[in-house]
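Trainee: Next come a sequence and a model predicted from it.
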Amino acid sequence: MIIAITCVIAIVVIVFVLGVRPKDLPEPEPVSPFAHLDERKAAIYENLRDLQFEYRLGKLSDNDYQLTKKDLQKELAAVMAEVDRVKLQLQAGRGQTPPPPAPKLRQTPASTVKSAPEPDSLICPHCDARFERELKFCGECGKPMKAVRA
Amino acid sequence: MVLIVAMAALAQTASEKPSVDVRRVGARLQCQCGCKDSVATCSMLECHFSKPAKERIAQMQSVGMGDEQIVQAFIRDYGMAVYLAPPNAFGWIVPYASVGFGLVVIFMFLRKYRKPKLMTDLGAGVGDMGADDRELAKYKEQIEKDTANLD
Amino acid sequence: MENLGSLAILLALCLALYATAACVIGRIKNKPFLIVSGERAVYGLWALITTASGILVYSLMTSDFRFAYVAAHSNRTMPILYKYAAWWGGQEGSLLLWSFLLSTYTSVVVFTNRRKHRDMMPWVIGVLTTIQSFFLVLNNFIANPFQMLAVDKLITAVPDGAGLSPLLQYPAMAIHPPMLYLGYVGFSVPFAFAIGSLITRQPGDAWIHTTRRWTLVTWLFQSTGVMLGAAWAYHVLGWGGYWGWDPVENASLLPWLSGTAFLHSVMMQEKKGMMKIWNIVLVSATFFLCILGTLLTRSGIVQSVHAFARSDIGKYFVGFLAVGIAAVIFLILDRLDYLKSEAELESVISRESSFLFNNLILLASCFAVLWGTLFPVISEAISGDKISLDADWYNRLMVPIGLFLLFLTGVGPLFAWRRTSVESLRRNFQFPGIASLVLVGALIAAGMRHFYALISFGFCLFVALTILVEFYKGAKSIGAKNQMNLLRATIELTHRNTRRYGGYLVHMGIVLAFIGFTGHAFNQNEVKELNTGDAMKVGTYELRMVNLAQGDEANYSWHRATMAVTKNGEMLGTLEPEKRFYKASKQGTSEVGIRVRPNEDLYLNFGGMSDDNQRAVIQAYVFPLVSWIWIGTLVVIFGTLVCLVPSKIKLQYARTEVVGYAKNNATVQK
């Protein structure tokens, strides 16, 4: 009896662990090459906001405020320059000229992953490119847009 | 041990509320009840070792024995295992030395990572236009727009 | 049953080893199937360990005394709660609890990150399952909870067990060890992420953002665990104190101190990209101190020299620690370039520097406690002298350090990031500084002469005022802008930046606890042997014994004194300290009688019966302000919970958008 149960448990475990089917592979979340730069930017903006707030409360002298603000803006500019550099590199890598990146105001969601506001049909399932209107084929990679997402 | 019984009246108070003197000597003796404390700090009430030991210390002190003599007497009766050395200089120096060492590290850190004074105290960007400033000029508009949206 | 339990932990060990290998090899050879299979193994691992734990708990509940563990740590008459608590009452069970908690944490990590951090996760899982393997080796081969009692290969049961140590038969004890363990084990996760990020050279601080909540929750568990331990010592041990610098207490404090340092210094990295090496060092140190804490608690190395022979589990821990520390040091040295600081210090007078000092003091206190814990062992090994470090030694060393830390708690938030001019400092210091000087002056005038107590009260007021001013100014500003009353505005303010204001609340809790600690300077105590009708005095209280009774319960027998308490002729009620003698384990415990008031506790302990068995030995203590320690702890817990609430952010700014890359994950966790 015990031996039977033992065997069953062992087999169940082995099948569970080794029986990975292709559709079990998780689809990794797309990683933006700017993730860490955006993180950095968000941190600097937060610093700026805190700085403004503390200044308004009278915790900082005028001079401190001006100097620190300037430093933060410089850091921000450096990060933005880096973003542009990476963008150029990517474009060169693709050998195409994508539409000019239009910076857009966005609200930062408070939690980790909020679904994007756009419906899925506006995003290419193959390369995650985003379009204003529905297309039959992706303008980026040329693959069909209507493909089913696993 | 016979003496202790004879001096029971004195001893009773000694074990209940050890005087400063008894505590001082007691701290030099390892309690044998299984705790890791000294006789003075053993927290066990009615401890079969520390209670009579405290009484004995008080009794020995009352007949004028010095600290060393009392400790020697205990060692004679219970062996070297009962002896606890006082926290020597080493025990004291190391923690404080670590604080000092930490201060030195902080000092070195500050020296290494401190920006040269010139650049920070320039004020509102008059003077040399570094690479930073040119970049800043380029993105100034974007930053201003974003900053307005903060809060 | 027992076979299934053994099988489960053995299989779990195999799975843990497999998961490590699968994830690491899968990552190196770029085989996603292997990685997913490794992740499956983690879930399987959890199921198996849960089964094993379930079997152990079931056998405890049903008093199956064929199990050696059950026979040693439980008995029939124990209340059901303590039968459950016996899970962690002994070595084997508590190590199984470690494994169980770790596998639970690992499963949660794997599940929540199943689509994120694909390049880092395999290493994270690898690190976690390596730790898991170590504990499973202990579970399987060194401290197996499923050993049976046998006579000549025939499994037999004993009629009744030895019972849980009566000291542990106390309600808080049913949650104190799991709390501490949740804290100990929890630090494995930030550690694993730090190592994963180090190995794969992640750009940015993803590991910090991902583990920030973990760290906070873990820290919360640890703080609660430490304070529950103190409360337990105060209410149960009957030596009239909440902290005795016992090695086991120290073991729980060590990772808490370094974890606190980590929580602070990580802000430097988030805000400015500095201190990267240091944060890795701190998180690793905290993790290893957790392991060391388990080692100290479980092996009894420091308690007495005999412990080495009694439990040989110590050498495995020491080995694990040595290998782990060496590996981490190698990794850090190998990747120094990756850990290069991104920023510089603008000014010496800045928040950054105050964090440096905060780290120094926290680590120095951590080191001092560690030194005090290990010094007797080291000294005996080197010179052969046994050395006594009593509570006095710790107090003399730790009181100044603690006061300085309290001071920094108040000063830190007054400094601005990057630079603070002397002028701003003066403005911020003026009001709280003068107020606390006035308080100290008033206390001196009132006749208080205790040096440390004066300083401590002064600092407490200083810190409390700086925090209140922060809240008041912020709330006033927000209130004026949005037409809110002050209370609403305070809530709004806190909600906008929960981390900062939650942190201030935690600081406030620490201040309250320090008020309680300072009360220690004014403790009073008396010990008397009393018979019915006798009276004694302690402080301003008069105590009269009105009854002395004894009785017998299923689990223990007891002596109880009924003491009438009067103060200045006014009757305040009665207290009933009790002495219990547990039959199964043949140990005595005290049930103290405490009259709790915000200004002072009256604490009566039934020490025992006098030699002639006629009178009761009553220890009476007056502990001023001790309740504030518990109140402070509650505030700390509340503040930490506030920190965990997501901030209501209104940050709006351009995010990088490039066609071809979805950006919906490029947000920063706040």
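Mentor: Sure, I can see it.
Trainee: Could you identify the helix or strand that succeeds the helix or strand bottoming out on mean pLDDT in chain C?
Mentor: Every helix and strand in chain C was compared by mean pLDDT, DSSP states H and E; the lowest is helix C:307-310, with a mean of 41. Using DSSP states H and E, the helix or strand that directly follows helix C:307-310 along the chain is helix C:313-334.
Trainee: ranges for the helices of chain A?
Mentor: Listed in chain order, the helices of chain A (DSSP state H) span residues A:2-18, A:35-56, A:62-94.
Trainee: winner for burial among those helices?
Mentor: Ranked by average neighbour count under the criterion mean count of other C-beta atoms under 10 Å in any protein chain shown, these are headed by helix A:35-56 at a mean of 21. All C-beta atoms are positioned from the backbone trio N, CA, C, and that covers glycine.
Trainee: Send over that one as CSV, restricted to the C-alpha atoms.
Mentor: The C-alpha atoms that make up helix A:35-56 are tabulated as CSV, following Å, rounded to 0.1, in the frame of the first residue of the first chain:
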residue,chain,number,x,y,z
ALA,A,35,13.1,50.5,-18.5
HIS,A,36,16.0,51.5,-16.3
LEU,A,37,16.3,55.0,-17.9
ASP,A,38,12.6,55.5,-17.3
GLU,A,39,13.1,54.3,-13.7
ARG,A,40,15.8,56.8,-13.3
LYS,A,41,13.7,59.6,-14.8
ALA,A,42,10.8,58.8,-12.5
ALA,A,43,13.2,58.9,-9.5
ILE,A,44,14.5,62.3,-10.5
TYR,A,45,11.0,63.7,-11.1
GLU,A,46,10.1,62.4,-7.7
ASN,A,47,13.1,64.1,-6.3
LEU,A,48,12.1,67.3,-8.0
ARG,A,49,8.6,67.1,-6.7
ASP,A,50,9.8,66.5,-3.1
LEU,A,51,12.2,69.4,-3.5
GLN,A,52,9.4,71.7,-4.6
PHE,A,53,7.2,70.6,-1.8
GLU,A,54,9.9,71.1,0.9
TYR,A,55,10.8,74.5,-0.5
ARG,A,56,7.1,75.5,-0.3
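Trainee: can you tell if it touches chain C?
Mentor: Yes: using C-beta under 8 Å from any C-beta of the partner chain, we find that helix A:35-56 touches chain C at A:35-43, A:45-47, A:49-51, A:53-54, A:56.
Trainee: orientation of that helix relative to helix A:62-94 in degrees?
Mentor: 160 degrees (axes from the mean of the first three to the mean of the last three C-alpha atoms, to 10 degrees).
Trainee: so where's the chain shaky on pLDDT?
Mentor: I'll assume chain A. Chain A contains residues with pLDDT under 70 at A:94-150.
Trainee: that's the wrong chain, I meant chain C
Mentor: C:237-240, C:299-311, C:388, C:585, C:611, C:649-670.
Trainee: Is the spatially most central residue of it within a helix or a strand, and which one?
Mentor: Nearest to the geometric centre of chain C sits C:Q222, at 2.4 Å (C-alpha atoms, centre = their mean). Using DSSP H and E, C:Q222 falls within helix C:206-232.
Trainee: the domain parsing of the chain - what is it?
Mentor: This is for chain A. Domain ranges of chain A: A:33-95, A:118-150, per automatic domain parsing.
Trainee: The intended chain is chain B.
Mentor: Listed domain ranges for chain B are B:2-82, B:89-148 (source: automatic domain parsing).
Trainee: Report the buried residues of the longest helix anywhere in chain B.
Mentor: If each helix of chain B is counted by residues according to DSSP H, the longest one is helix B:89-113. Within helix B:89-113, the residues that count as buried by 16 or more other C-beta atoms under 10 Å in any protein chain shown are B:91, B:94-95, B:98-99, B:102, B:109.
Trainee: Who are the contact partners of C:L13?
Mentor: C:133, C:136-137, C:139-140 (C-beta atoms under 8 Å, 6 or more residues apart in numbering or on different chains).
Trainee: and which of those residues is nearest to chain A?
Mentor: Ranked by distance to chain A (C-beta to the nearest C-beta), the contacts of C:L13 are led by C:L136 at 14.4 Å.
Trainee: Can you tell me how far the closest one is from C:G38?
Mentor: According to C-beta to C-beta, to the nearest Å, C:L136 and C:G38 sit 16 Å apart.
Trainee: my guess is C:T224 meets C:M179, correct?
Mentor: Yes: here C:T224 reaches C:M179: they are 5.1 Å apart, a contact under C-beta atoms under 8 Å.
Trainee: quick one, phi psi at the nearest residue to C:H235 once chain neighbours are set aside?
Mentor: On the basis of C-beta to C-beta, 6 or more residues apart in numbering or on different chains, the spatially nearest residue to C:H235 that is not a chain neighbour turns out to be C:V592, at 6.3 Å. In terms of degrees, to the nearest 10, the main-chain angles of C:V592 are phi -80, psi 160.
Trainee: How about the one 5 residues further on?
Mentor: Here the main-chain torsion angles of C:R597 (degrees, to the nearest 10) amount to phi -140, psi 150.
Trainee: my read: it touches C:L625, true?
Mentor: No: using C-beta under 8 Å, C:R597 is not in contact with C:L625; the gap is 9.9 Å.
Trainee: which of the two has more neighbours?
Mentor: Per other C-beta atoms under 10 Å in any protein chain shown, whichever of C:R597 and C:L625 has more neighbours is C:L625, with 21 against 13.
Trainee: so how far is C:Y541 from the more buried one?
Mentor: Computed as C-beta to C-beta, the C:L625 to C:Y541 distance reads 16 Å.
Trainee: Please enumerate the helices of chain B.
Mentor: Ranges of helices in chain B, per DSSP H, are B:2-6, B:8-16, B:20-26, B:50-62, B:67-78, B:89-113, B:117-120, B:131-148.
Trainee: I'd like to check what contacts whichever strand or helix holds C:L443. Which residues are they?
Mentor: If you go by DSSP H and E, C:L443 is part of helix C:422-445. Helix C:422-445 is touched from outside by A:58-61, A:64, C:349, C:410, C:414-416, C:454-455, C:457-459, C:461-463, C:465-466, C:469, with contacts defined as C-beta under 8 Å, 6+ apart.
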